[in-house]
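> sequence first, predicted coordinates after that:
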Amino acid sequence: MSEQRNWAGNYAYSAARLHRPTTLTEVQKLVAASRKLRALGTRHSFNDIADTPADLVSLEHFDQVEAIDAARRTVTVGAGARYGQLCRQLHAAGFALHNLASLPHISVAGACATATHGSGEGNGNLASAVAAVELVAADGSLVALSRERDGERFNGVPVSLGGLGLITKVTLDIVPAFEERQYVYERLPLAELDAHFDAIESSGYSVSLFTDWSGPYINQVWVKRRADEGGEPPAKLFGATPAPADRHPIDGISAINCTAQLGAPGPWYDRLPHFRMDFTPSAGDELQTEYLLPRRNALAAIRAVAAISAQVSPLIQTSEVRTVAADQLWMSPCYGQDCVALHFTWKPDWPAVSRLLPLIEAALAPLEARPHWGKLFTVPPAAVQALYPRLPDFRRLLGELDPQGKFRNRFLDTYIFDSEG
């Protein structure tokens, strides 16, 4: 196989072969015949979570919207579908998803498997919308799992980390379509954030704080409000002033690839992401890290990073703070707790970033920080495992569906099974 890299270019896959099947029968034969196998999505993970020494399988041809069930309020899509293409079809049918991540370019199955999220007081991560999946198990058989039929056991399925099987279809909960308006405010004083964090985070359907940690303020506050909420946005947001033009999260970069701001109404799918589907959000020349903590620790976490800003700021492109609602998914960082997410987009200098991460992680460790599964971190495996009370149940589920460990890889062996040898 010629060298294959992830979207950011920082990771080269070690697999011997890359397959692009076009039929379900091909997928089943591939799985049954392979010794080691992993699904490869849109390659937006920054670590080796998707890698394997043997066979990578891209389901890019499985991108159809299979069915929109208006009565049950669900949509079923092929695992290779990207959110951008799904959303346009959903909207045309009068429906929406409850939330979206920053990028609409990512695949549905991959985003859910790694607990990727958006923002908002009552909005769970993307996997919280998963109502059912169809997957090809290790022996090549087709397995259907659903919230309705499998009950509590299903809570181990949506955030699967790619370990349960090759997911071919995903069924998601949907809601009636809606419009959003997006506003950006600039230079929110950290003192105001400290005093009014809850009010700021509840000022919209989805709220993101962007900072480069270089001063005593948050550079930008992105507030996404439903158009049917009524009322005018505040002229100032706790000292932050409205941006006079569209902004990119990284100061100095053109906003041409960002979703429309300045309060212009638009469909949910063209406001909830930060970036437009029609544009590549960046060259990908970056590294990413993210930690999710109990929301009650939000201000302590922000203060902890601010205290080491002299080390953080020289390496950062931008940092985003969001809130995510609790869920009951076993391997979700938001299992059992409302969360605050601290995201870091780094300059592409892994030697320097790898030296800095232990410092950040040490500062956040007392605050119960769970690293994002698809991003870069150096937290020891035992410490990661201790943060997931349902890990033993997840291991049992992996054993049931993949008894020989066909879908296990170095990442799962390290962070899920390490204490078992």
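Perfect, I can see it now.
> what packs against the biggest helix by length in the chain?
In the chain, taking DSSP state H as the definition, the longest helix is helix 350-364. Contacts defined by 3 or more Cβ pairs under 8 Å, 6 or more residues apart in numbering; DSSP states H and E place helix 350-364 against strand 287-294, helix 298-307, helix 309-312, strand 339-346. Quick note: C-beta positions are derived from backbone N, CA and C, even for glycine.
> now these as CSV including mean neighbour count and distance to Glu201?
Shown next, in CSV, are the helices and strands packed on helix 350-364 (neighbours: other Cβ atoms under 10 Å; distance: least, Cβ to Cβ, whole Å):
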stretch, mean neighbour count, distance to Glu201
strand 287-294, 23, 14
helix 298-307, 18, 8
helix 309-312, 16, 21
strand 339-346, 24, 8
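> which one of the ones you listed lies closest to Cys258?
Closest to Cys258 of the helices and strands packed on helix 350-364 is strand 339-346 (Cβ to Cβ; 14.4 Å).
> ok so, going back, buried residues in the longest helix of the chain?
Val353, Leu356, Leu357, Ile360, Glu361, Ala363, Leu364 (16 or more other Cβ atoms under 10 Å).
> re the thing from before, of the helices and strands packed on helix 350-364, give the one that comes closest to Lys375.
Set against Lys375 and scored by Cβ to Cβ, those come closest in strand 287-294, at 4.8 Å.
> could you give the angle of that closest one to helix 350-364?
Angle of strand 287-294 versus helix 350-364, following axes from the mean of the first three to the mean of the last three Cα atoms, to 10 degrees, is 10 degrees.
> what lines up beside strand 287-294 in the sheet?
Here strand 287-294 is paired, per DSSP bridges, with strand 339-346 (antiparallel), strand 370-371 (antiparallel).
> can you redo these as CSV with mean pLDDT and distance to Phe238?
Below are the strands paired with strand 287-294 laid out as CSV (pLDDT from 0 to 100; distance: least, Cβ to Cβ, whole Å):
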stretch, mean pLDDT, distance to Phe238
strand 339-346, 98, 17
strand 370-371, 98, 29
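> distance to Leu193 for these - can I get that in JSON lines?
Below are the strands paired with strand 287-294 laid out as JSON lines (distance: least, Cβ to Cβ, whole Å):
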{"stretch": "strand 339-346", "distance to Leu193": "12"}
{"stretch": "strand 370-371", "distance to Leu193": "22"}
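> list just the one of those that sits closest to Leu126.
Smallest distance to Leu126 across the strands paired with strand 287-294 (Cβ to Cβ): 12.8 Å, for strand 339-346.
> ok now that closest one, how far from the chain's centre?
Distance of strand 339-346 from its chain centroid, counting by Cα atoms, centre = their mean, to the nearest Å, is 11 Å.
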